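J.: Okay, here's the prediction I keep looking at, along with the sequence it came from:
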Amino acid sequence: MTTTNDHQKLWDLIKDTRFGMFTHRHHDGLLHSHPLTTQNKALDEGATLYFFVPKDGEIARNVTADSAVNVAYANTDKDSYVSVSGRAALLEDQAKKEELFTAMAKAWFPKGVTDPNLGLLTVHIDNAEFWDVDDSKMVQIFKMMKAAITGEPPKNMGEHKTLNVG
């Protein structure tokens, strides 16, 4: 199980990344990815991520058949990367939709929070892995150059952790 600090670190890395690449299995067996905006204001106790998707769209159709998904976040400005594996489902919860709906969501769902095609996609996080580099770009380059010269892999290139959340 993950500790509270690990849980908070995971959320801190996710919240600063505007889009996650949501990957699911397509009906043809291949993996498909879509950029989605995480709607959470915090990572709840159930370790669930929320996204708005069209109920009549590809994502909604395919996660019904195969709920195993991945969401990958990359914040290159901050050198932080997160990969989340979990189970996706559509949630019919009007109160949660109202809590999470924003003006930005209205761009995709112009009929608003009561749009009958507005689907609330949940991803329950089972496992997560993150990489977070605190060193400046210059320090990172120095470490990589040193590794190239010495033939030894670079050391202390930031925090890397795997979490068993679910």
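T.: Arrived safely, thanks for sending.
J.: And residue 12, how close does it get to residue 164?
T.: Distance, residue 12 to residue 164, using CB to CB, to the nearest Å: 19 Å. No exception for glycine: its C-beta is placed from N, CA and C like everyone else's.
J.: what do you get for residue 33?
T.: In terms of CB to CB, residue 33 sits 24 Å off from residue 164.
J.: and if you look at residue 24?
T.: From residue 24 to residue 164 the distance is 22 Å (CB to CB).
J.: of these two, who's got more company?
T.: residue 24 (22 against 11; other CB atoms under 10 Å).
J.: ok, now which ones touch the residue nearest the centre of the chain?
T.: The residue lying closest to the centre of the chain (CA atoms, centre = their mean) is residue 71, at 4.1 Å. Shown in contact with residue 71 (CB atoms under 8 Å, 6 or more residues apart in numbering): 20, 21, 22, 23, 36, 38, 49, 83, 84, 86, 123.
J.: Just the local confidence number for it, please.
T.: What the model reports for residue 71 is a pLDDT of 98.
J.: Residue 136 too?
T.: You'll see residue 136 listed with a pLDDT of 44.
J.: same thing with residue 18?
T.: 83.
J.: Phi and psi next, for it.
T.: phi -60, psi -40 (degrees, to the nearest 10).
J.: Go ahead and confirm it touches residue 37.
T.: Yes. With contact defined as CB atoms under 8 Å, residue 18 reaches residue 37; the gap is 6.6 Å.
J.: So these two - more neighbours on which side?
T.: residue 37 (15 against 11).
J.: Need the phi and psi values for the more buried one.
T.: Dihedral angles (degrees, to the nearest 10) for residue 37: phi -100, psi 130.
J.: cool, the one 5 residues further on as well?
T.: According to degrees, to the nearest 10, the main-chain angles of residue 42 amount to phi -160, psi 170.
J.: Just the strands from this protein, written as ranges.
T.: 19-25, 31-37, 48-54, 68-75, 80-91, 118-132, 159-164 (DSSP state E).
J.: list the buried ones in the longest one?
T.: Neighbour-count burial for strand 118-132, counted by 16 or more other CB atoms under 10 Å, picks out 118, 119, 120, 121, 122, 123, 124, 125, 128, 130, 131, 132.
J.: mind putting these in CSV, distance to residue 8 included?
T.: Output for the buried residues of strand 118-132, formatted as CSV (distance: CB to CB, whole Å):
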residue, distance to residue 8
118, 30
119, 28
120, 24
121, 23
122, 20
123, 18
124, 18
125, 14
128, 12
130, 12
131, 17
132, 13
